[in-house]
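Visitor: just a sequence and a predicted model for now, questions to come.
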Amino acid sequence: MSVGAAEAKYCPRCGGPLALRRFRGERVTHPACQRCGFVLWQNPKPVVAALVTRQDRAQAQVLLGRRGVEPGRGLWHVPGGFVDPDETPEEALARECAEELGVQVEPEEFVGGFPDRYGEEPILVLAYRCRLVGGEPEGSTELDQPTWFPVNRPPQLAFRSCQLALQVLWRKLQGG
């Protein structure tokens, strides 16, 4: 996990002291080394969220599971996670869905990007509507009790970004 601006005191490159600095065009301050000039940019990490959907009778449903880890342990969440280096968001979606629920998915539509926090870590959640193409959902230590819920009436979710993503998805499904 990266160090937040408030905790950073020394440069990871040369060990010199860091001072918060606002760069031209930036909205937030970033720790910058007073000795070598290194900047500890406080950019969000990319995260994918798989909004795995199906049509059950006349109702669109989304696949959720209960988080087995913090943050948000015990709350409901979509499969997803951090994008690894040299990995596309689509590859991350496939990997995370296989790891967390034992299923294969195919991305159908980019729903949007939503800023959030994973604990103290700033993240940018890239949400995709996906369809199930293989496997039966089964729980894991990260995401347990896989259950289908109406897209427009999910239970309490672990992260606000996924609540917002489902709201956008619902509007899209309604033709908006």
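Guide: Received, thanks.
Visitor: CA only for contacts and neighbour counts going forward, please
Guide: Fine.
Visitor: pull the number of nearby residues for Q61.
Guide: 22 (other Cα atoms under 10 Å).
Visitor: so it: helix, strand or coil?
Guide: The three-state label given to Q61 by DSSP: H, G, I helix; E, B strand; the rest coil is strand.
Visitor: mind listing the residues bridging to it?
Guide: The residues paired with Q61 through beta bridges, assigned by DSSP bridges, are R54, P150.
Visitor: buried set for whatever helix or strand R117 lives in?
Guide: Taking DSSP states H and E as the definition, one finds R117 inside strand 104-118. Residues of strand 104-118 classed as buried by neighbour count (16 or more other Cα atoms under 10 Å): Q104, V105, E106, P107, V111, G112, G113, F114, D116, R117, Y118.
Visitor: contacting residues for the last one?
Guide: Taking Cα atoms under 8 Å, 6 or more residues apart in numbering as the contact definition, Y118 lies against P71.
Visitor: could you measure from it over to G112?
Guide: When distances are taken as Cα to Cα, to the nearest Å, Y118 and G112 turn out to be 18 Å apart.
Visitor: any idea which of the buried residues of strand 104-118 is closest to Q59?
Guide: For Q59, the nearest member of those is V111. The distance, counting by Cα to Cα, is 18.7 Å.
Visitor: correct me, but that closest one touches S161?
Guide: No - contact status for V111 versus S161: not in contact, 11.6 Å apart, counting by Cα atoms under 8 Å.
Visitor: nearest residue to the residue of the chain most remote from its centre in space, ignoring adjacent ones along the chain?
Guide: Largest separation from the mean C-alpha position in the chain: R35, at 35.1 Å (Cα atoms, centre = their mean). On the basis of Cα to Cα, 6 or more residues apart in numbering, the spatially nearest residue to R35 that is not a chain neighbour turns out to be G16, at 5.5 Å.
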